[in-house]
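Undergrad: requesting a structural model of the entry that follows:
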Amino acid sequence: MRRLRRLPLAAGMLTLGGAAFAAEPIQLEGIVVSTSKVPTKAIDSPSPASSVGRSRTPVKAKAVAAAAATQGGGAASDPVGAQSVTGESTLDIIQPQSIADAIADVPGVASQVNADDPGQAVNIRGLQDFGRVAVTVDGARQNFQKTGHNANGQFYLDPEFLSRVDITRGPSATVYGSGAIGGVAAFTTRDVNDVLSTGETAAIEQKTGIGTNGIGWLSSTSAALRAGRNVDIYGQFVGRDTNLYQDGSGDTVINSAYEDYGGLAKIAVRPVEGGEVKASALVQKYDFAGGLGISTEPLRESELKTETYTLGYTFARPDTPLVDFSSKVYYTSTDQDQNQTLPVTDPARWRSYDLATTGFDVFNTSRFTDFGLRHRLTYGIDGFQDEMTVTDKFSTAALFTPNGERTVYGGFIEDEVTVTSWLRVIGALRYDHYSLEGGGTESDGSHVSPKATVAVTPVTGIEVYGTFAEGYRAPALTETLVSGTHPPFAPGFPDAFTFVPNPALKPEIGQNKEIGANIKYDNVLMRGDKFRAKISAYQNDVSDYIDLATFGPPIQICPPGAPVFLCNNGTIPLITLVDYSFAQYQNIADAKLWGAELELAYDWGGGFIQTSVTHQRGENQETSEALVTITPDRIATTIGFRFLDDKLVAGTRITLVDGVNSVDETLAPSTSAYGVVDLFANYQISRDVSLDGIIYNVGDTDYRPYLYSNYSPGVQGKIALTIKFPADGVIGGK
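TA: Got it, this is the predicted structure:
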């Protein structure tokens, strides 16, 4: 059973003492779309939503807010003006080395990462793998998965391409897409608004960084052009080269180095007032090596390429409240080629994993008043198709990550009704259908998922809400079709166990009950300050939960070199390799996940404090054992101060994480509680020149996050210089 270990009392009191002020409004004032597809401030969304990144307001959000204001039919929230006191971004403050770093402070959210693979897996409220968390980049689904000694679902994105990420926890994002019983993580890449200030028409921005203990070097070059009022063009090239790092005990973590480089291009054209056509292309390449000490596999060198292409059209105008239209088609692919290089180079061990996803998303929002009630009605359809192609000359990879095709589509309708100034009611329905085929096996199913939210404002500044939401996740190709015998654990040993396919798998259905509160006050302790808070408690009951089950007699062998007849007559005991002969994904039982989250922010102009608290549990209802993917309790606090007319921001980030006694030491070894302290400083030298520095893990703590295969880096230092070259050729300004 999973057991809590008490966090250091003094540190906990220090952190919670700061919570009275807590968190800078950058994240809570940030725009989210992952809950309702309508741009809304996180603090105004009656859902467990968070935003990380730049707080700038999208052009479309301004048009939507204007329509709501002029027609009297919008939501209670106003997404315009989502800007902090000085506009610094959480991404600028922490200088993330990975996507895992960028989302580390969001309550209820964790990651699973291997040092020998730069891929990222997002865990929300203890749910991950096989699409339980819907991950999108610029609205395009990222569904890559391969069976191995890592998470069953990863995506690849260098954080330098990232403008912001908004996250909705739990299945309350009914309108967003199929499968997201854990939640939605929507990543938005940079565009001209991340480079150009108001009034600027063109600029080139160069960011150069270097760091110690494995960080290596970074180069990011961006170019932005506003060609008149109606055309925006953006391009970016990123290169990163990391080295092997040492953990807190001074041990070098093998295969922890990687290289990546990529390019991003976007063009937006506004042919009519309120209408915009936008196209984007993101291509990245990664080189890394894994295995030989990290897992039982030999060393394999990987070349991985990801591509994401989107084409969309949106229309929103104040004088057309019934039409707030958005449509998008996209194509994503992840291609990984692996070559075995140790113990010997073996051409027969070359293999590749190729996943291509084609999808679309079309929806509209209509705002109107009927019988004195203000409606925000959103409705649409979406779908995607995954095609997995695995090539392996040794023929095992295609067994464990099967070739096949999966098609998922659905439709939804959601109505947010403002009954009075203090009461909002949201009702929604979503229909999902899936089909998959591969290896001569076919499977399909469909389901209707409801959602209902009631939000009440008992006093000005506080909104309390309650939600019931259902989510539906179809079985993945691997869960349904995986087959074949696991490779030997060691040379000369027989095969360990056999995977058995299960075409009769039932889809998972999550039913989430949640209560929460949004708190928003200005001028609390002094003129101009801001206090924001989001609090939530939830229970998600997942029926027909799919997990890997093992069964059958143990696999035993005679010790190598021992006479077989002595083993047969019992003189020499047999060695047990594994306790089972077969493994199969099954609907093992119902699962219950529950917990509470807290996100606080206080900004007084001269500084800010932000705190997030995560408490979560989850168990198999049949065995009462904890689910392996439930991550430990965590408190993260960032404190920053502004100096020199707000040009200098300096502070610290303190993260306290509980320990876990795992129920499965093979899949997820137990971890001890730990605390990590980072120090950061950001200096705006001039209008166009900034210098950022951060020291991670200043105490050189030796720790391993739960679900990680390796210990994290010890103390690291990183510094980055960003220079913008505006069109007038003059760098500087006030």
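
Undergrad: you'd agree Ile233 is up against Leu264?
TA: No - counting by CB atoms under 8 Å, Ile233 does not reach Leu264; the two are 11.9 Å apart. Glycine gets a C-beta too; all of them are placed from N, C-alpha and C.

Undergrad: between those two, which is the more surrounded one?
TA: Leu264 (23 against 17; other CB atoms under 10 Å).

Undergrad: excluding its backbone neighbours, what's nearest that one?
TA: Gln236 (4.4 Å; CB to CB, 6 or more residues apart in numbering).

Undergrad: next one: Phe288
TA: Nearest to Phe288 is Tyr258, by CB to CB, 6+ apart, at 3.8 Å.

Undergrad: over to the one you found: give its phi and psi.
TA: When read as degrees, to the nearest 10, the backbone of Tyr258 gives phi -160, psi 160.

Undergrad: list the contacts for it?
TA: Tyr258 makes contact with 118, 242, 286-288 under the criterion CB atoms under 8 Å, 6 or more residues apart in numbering.

Undergrad: 10 Å instead?
TA: Tyr258 makes contacts with 115-118, 214, 216, 240-243, 286-290, 302, 304, as judged by CB atoms under 10 Å, 6 or more residues apart in numbering.

Undergrad: again, but for Asp415
TA: 366, 373, 375-379, 425-429.

Undergrad: got any ranges where the protein has weak pLDDT?
TA: Scanning the chain for pLDDT under 70 picks out the ranges 1-26, 54-88, 149, 174, 292-298, 343-348, 394-395, 486-496, 729-734.

Undergrad: strands of the stretch 601-734 of the chain, start to end?
TA: 607-620, 634-643, 648-657, 674-686, 689-696, 716-726 (DSSP state E, counting those that start in this stretch).

Undergrad: could you dump those strands to CSV with distance to Gln95 and mean neighbour count?
TA: Putting the strands of the stretch 601-734 of the chain into CSV (distance: least, CB to CB, whole Å; neighbours: other CB atoms under 10 Å) gives the following:
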stretch, distance to Gln95, mean neighbour count
strand 607-620, 16, 23
strand 634-643, 13, 21
strand 648-657, 11, 19
strand 674-686, 7, 18
strand 689-696, 5, 19
strand 716-726, 6, 18
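
Undergrad: closest to Ile509 out of those?
TA: strand 607-620 (15.9 Å; CB to CB).

Undergrad: using CSV, list the CA coordinates for that closest one.
TA: The C-alpha trace of strand 607-620 is given here as CSV (Å, rounded to 0.1, in the frame of the first residue of the first chain):
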residue,chain,number,x,y,z
GLY,A,607,6.8,41.3,-6.0
PHE,A,608,4.7,38.2,-6.1
ILE,A,609,4.1,34.9,-4.4
GLN,A,610,2.5,31.9,-6.0
THR,A,611,1.8,28.5,-4.4
SER,A,612,0.3,25.3,-5.7
VAL,A,613,-0.7,22.3,-3.6
THR,A,614,-1.5,18.8,-4.8
HIS,A,615,-3.1,16.0,-2.8
GLN,A,616,-4.3,12.9,-4.7
ARG,A,617,-5.1,9.3,-4.1
GLY,A,618,-6.3,6.4,-6.2
GLU,A,619,-7.0,2.7,-5.8
ASN,A,620,-8.2,-0.4,-7.5
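
Undergrad: tell me the angle of it relative to strand 648-657?
TA: 20 degrees (axes from the mean of the first three to the mean of the last three CA atoms, to 10 degrees).

Undergrad: picking up where we left off before, which neighbours do Ile233 and Leu264 share?
TA: Asp191.

Undergrad: about what we covered before: for the strands of the stretch 601-734 of the chain, give me TSV that also has distance to Tyr580.
TA: As requested, the strands of the stretch 601-734 of the chain are exported to TSV (distance: least, CB to CB, whole Å):
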stretch	distance to Tyr580
strand 607-620	17
strand 634-643	34
strand 648-657	32
strand 674-686	33
strand 689-696	41
strand 716-726	41
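
Undergrad: among the ones you listed, which comes closest to Leu600?
TA: For Leu600, the closest of the strands of the stretch 601-734 of the chain is strand 607-620, at 4.8 Å, according to CB to CB.

Undergrad: right, I'll call it a day here.
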